[in-house]
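Please find the sequence and the predicted model below.
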Amino acid sequence: MTRFIADHRAEITGLWIKRVATIPEIANLPPAALVDHMPEFLFELGRWVDGEREARERAYLFLAQGHALQRLGHGVDLGSILVEYQLLREVLLTEILANVRVDEVGIVGVNRALDLAISEAVKRFAIHREEIRDRFVSILGHDLRNPLMALTLAAETILATPNCTQAAHPRLAAAIRRGGERMSRMIGDLVDFALGQLGGGIPAVPRACDMGEICREAVDELHATHPGREVALEKQGDLRGSFDRDRVMQVISNLVANALLHGHDPIVTRASESDDRQFLITEVSNAGPPIPAEMLVGIFDPFRRGAKAKRGGLGLGLYIVQQITLAHGASCTVDSNERATTFRIRWPRAPLDEVPRP
């Protein structure tokens, strides 16, 4: 039985994918994220059932925990993860009983292995959710304190000065406006975070628009606030499609702002169409030192902040980028080396409900 699981783990994974693709929260995950490490999980499950429990349990449980954290990062709730395991149990046992002569001990072993994986997944999911909540409260309290203090001091100064024509007042008013804008951005990010983690994902309402125009608006807006920086846009091909204009604008703005904060010039945004014309490709690249390998793992996790992001943000920008791309059925990847750091998104030109499915 364990040899059958090992030799047919790819086929079993394929059958399982067809079943879990019917779960709404999981259906729109990119193919690689959907599969996760299921073939490796099945291999370790077989080794565990075969009696190598003490030697293989650590690797087996690590894969189960990792799957739970990956799904949490994509905004999948615990109920959907449990359904995934239920469907895996059905697929695995059906294939074993149809192809292998197996006794009750073997079937019990498979069920015990799956129950152990489910227990570890639930435990790790719950622990990480608590960690996110604690980090959220800590960062929120810290990062809102500074703009609130600036607002309070500026307002107190104005109130204490009867003559409102003093030259300092425009500067104080500008400080109040900047503080309000910072808090507004934080609140907006927190709303999107709550939608991504608790509300089934950030909603997107696609409408006919031009990806090139969206990128132009985002780049121009940020270039105006960073006039000394080298920020450019390159466009090629037919960039018309169906997208949620405001959400895509948010994605491009977040990526360019991230490049301005962490990277070096030149910062280039590119928009083009794929060879088959079914997808539009956006890239935001910047020069500068590569992102360390340990930071690339989980770079889209919430509350991840680089060394230069000590003020002004909650570390939700890239998480929101990922959630909005998922809402469009798109995929976002990052490549970072000595030449450049590039965030690349592959957007379906047509809305998901208009794409023919097999």
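That came through, no problem.

host element of residue 283?
Using DSSP states H and E, residue 283 sits in strand 279-287.

I'd like the next helix or strand past that strand.
helix 293-296.

Parallel or antiparallel, which strands does the strand holding residue 283 pair with?
strand 264-273 (antiparallel), strand 341-348 (antiparallel) (DSSP bridges).

Output that strand as PDB, nothing but the C-alphas.
What follows is strand 279-287, C-alpha atoms only, in PDB (Å, rounded to 0.1, in the frame of the first residue of the first chain):
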ATOM      1  CA  PHE A 279      -3.000  37.800 -20.400                       C
ATOM      2  CA  LEU A 280      -1.500  41.200 -19.600                       C
ATOM      3  CA  ILE A 281       1.800  41.400 -17.800                       C
ATOM      4  CA  THR A 282       2.800  44.100 -15.400                       C
ATOM      5  CA  GLU A 283       6.300  44.400 -13.900                       C
ATOM      6  CA  VAL A 284       7.700  46.800 -11.400                       C
ATOM      7  CA  SER A 285      11.500  46.700 -11.200                       C
ATOM      8  CA  ASN A 286      14.100  48.600  -9.300                       C
ATOM      9  CA  ALA A 287      17.900  48.500  -9.000                       C
END
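
Tell me the buried residues in stretch 279-290?
Along stretch 279-290, these residues count as buried under the neighbour rule (16 or more other C-beta atoms under 10 Å): 279-287. C-beta: built from backbone N, CA, C; applies to glycine.

whoops, I mixed them up, stretch 243-251
Those would be 243-245, 247-251, for stretch 243-251 by 16+ other C-beta under 10 Å.

centre of the chain versus that stretch, how much separation?
Here the centre of stretch 243-251 is set off from its chain's centre by 16 Å, with C-alpha atoms, centre = their mean, to the nearest Å.

tell me the contacts of the closest residue to residue 37 other than its chain neighbours?
The shortest distance from residue 37 to any residue other than its chain neighbours is 5.4 Å, reached at residue 63 (C-beta to C-beta, 6 or more residues apart in numbering). Shown in contact with residue 63 (C-beta atoms under 8 Å, 6 or more residues apart in numbering): 37, 40-41, 44.

Residue 280 too?
By C-beta under 8 Å, 6+ apart, the neighbours of residue 280 are 211, 239, 241, 271-274, 346-347, 349.

and with 6 Å instead?
211, 241, 273, 347, 349 (C-beta atoms under 6 Å, 6 or more residues apart in numbering).

hmm, back to that, just the strands paired with strand 279-287: most buried one?
Burial of the strands paired with strand 279-287 is given as mean neighbour count (mean count of other C-beta atoms under 10 Å); strand 341-348 ranks first at a mean of 21.

Per-residue pLDDT of the residue most central in space within the chain, please?
Relative to the mean C-alpha position of the chain, the nearest C-alpha, by C-alpha atoms, centre = their mean, is the one of residue 322, at 3.5 Å. Reported pLDDT at residue 322 in the predicted model: 87.

I believe it is in a helix; please confirm or correct that.
Yes - using DSSP: H, G, I helix; E, B strand; the rest coil, the assignment for residue 322 is a helix.

next structured bit after the worst-scoring helix or strand of the chain on mean pLDDT?
Here the helix or strand of the chain ranked lowest by mean pLDDT, DSSP states H and E is helix 168-198, holding a mean of 65. Downstream of helix 168-198, the next assigned helix or strand under DSSP H and E is strand 207-210.

what are the pairing partners of that next one, and which direction each?
strand 240-243 (antiparallel).

Any buried residues in the strand it pairs with, and which?
Quick answer for strand 240-243 (16+ other C-beta under 10 Å): 241-243.

for those, which one is nearest residue 116?
residue 243 (43.3 Å; C-beta to C-beta).

Was I right to think the closest one contacts residue 206?
Yes - Residue 243 is within contact range of residue 206, at 5.4 Å (criterion: C-beta atoms under 6 Å).

Now do the phi/psi pair for residue 288.
Main-chain torsions, residue 288, degrees, to the nearest 10: phi 120, psi 180.

Revised request: answer the last question for residue 291.
Torsion angles at residue 291 (phi, psi; degrees, to the nearest 10) stand at phi -70, psi 130.

Ok, residue 226 next?
The phi/psi pair for residue 226 (degrees, to the nearest 10) is phi -130, psi 60.

what sits against it?
By C-beta under 6 Å, 6+ apart, the neighbours of residue 226 are residue 260.

per-residue confidence for it?
87.

Please renumber the chain so that the first residue is 393 from this point on.
Understood, numbering begins at 393; the last thing we discussed is residue 618.

The closest residue to residue 487 other than its chain neighbours: neighbour count?
Nearest residue to residue 487 in three dimensions, chain neighbours excluded: residue 404, at 5.8 Å (C-beta to C-beta, 6+ apart). Residue 404 sits with 21 neighbouring residues when counted by other C-beta atoms under 10 Å.
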